[in-house]
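# I'd like to go over a predicted model; first the sequence, then the structure.
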Amino acid sequence: EAQVTQNPRYLITVTGKKLTVTCSQNMNHEYMSWYRQDPGLGLRQIYYSMNVEVTDKGDVPEGYKVSRKEKRNFPLILESPSPNQTSLYFCASSLQGRYTEAFFGQGTRLTVV
Amino acid sequence: ELKVEQNPLFLSMQEGKNYTIYCNYSTTSDRLYWYRQDPGKSLESLFVLLSNGAVKQEGRLMASLDTKARLSTLHITAAVHDLSATYFCAVDNKGGSEKLVFGKGTKLTVNP
């Protein structure tokens, strides 16, 4: 089954403790991206990647890192999480970023206390 | 900077009625996407609009794109309860980058 898989689905952590949210897709998609969703703000793009070893900032990249060492994986790293990073995070992939629909993962609800 | 505005943000309608959700954007683009999100769920792609004048229909939903007016519409015909969800439009940031900018979403509630 074609899918985008995020882990974990739920995470509560403390300020400053490094964490990684994994994202994997099995559709051989080139384009992957991370979004955060906050009430009243909609979805905002954090980082995106057009292919292996090619990443770029979205609209809200501060406090986040990403890597794309393999086509299927695109982990989101929070080196030193802060409470303002409490949010619902979505990973998405698409065959070609600009011309095709994106497939979204199930989301990761992160709480930083 | 690309900005995307959706109107209305909240919409409560009766079953059987028609309504339109609007998506305006601020800079030139000819690629626009509509997504649906059910409560507590992920986003599901509805439509991909890739040129001026594009129109796509799926069931009771029809989306169109007017790139000259920088406007897309999502028209709901004879609404049913199952259409209750939040609808997002997203616009490609044309001009080199692959950024995608989402509107804030329209929460649609269809009442019996």
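Yep, that arrived.
# how about the residues of chain B near chain A?
Taking CB under 8 Å from any CB of the partner chain as the contact definition, chain B meets chain A at B:31, B:33, B:35, B:41-45, B:48, B:50, B:88, B:90, B:92, B:97-105. For the C-beta atoms, the positions are set from N, CA and C on the backbone; glycine is no exception.
# Which entries within these meet the buried criterion?
Neighbour counting by 16 or more other CB atoms under 10 Å in any protein chain shown classes B:31, B:33, B:35, B:42-43, B:45, B:48, B:88, B:90, B:92, B:97-105 among these as buried.
# low-scoring stretches of chain A, by residue?
Counting by pLDDT under 70, chain A has low-confidence residues at A:97-99.
# hang on, the earlier thing: in strands only, show me the residues of chain B next to chain A.
Per DSSP state E, strands hold the following members of those: B:33, B:35, B:43-45, B:48, B:88, B:90, B:92, B:100-102.
# Report the contact partners of B:Arg70.
B:Arg70 is in contact with B:24-29, counting by CB atoms under 8 Å, 6 or more residues apart in numbering or on different chains.
# how about a cut-off of 6 Å?
B:Tyr25 (CB atoms under 6 Å, 6 or more residues apart in numbering or on different chains).
# same deal with the one 3 residues further on?
Contacts were defined as CB under 6 Å, 6+ apart; by that measure B:Thr73 touches B:20, B:22, B:64.
# same deal with A:Tyr64?
Shown in contact with A:Tyr64 (CB under 6 Å, 6+ apart): A:Ile46.
# Look up how far A:Gln3 lies from it.
According to CB to CB, to the nearest Å, A:Tyr64 and A:Gln3 sit 23 Å apart.
# Start and end of stretch B:88-103, how far apart?
Start to finish, the residues bounding stretch B:88-103 are 6 Å apart (CA to CA, to the nearest Å).
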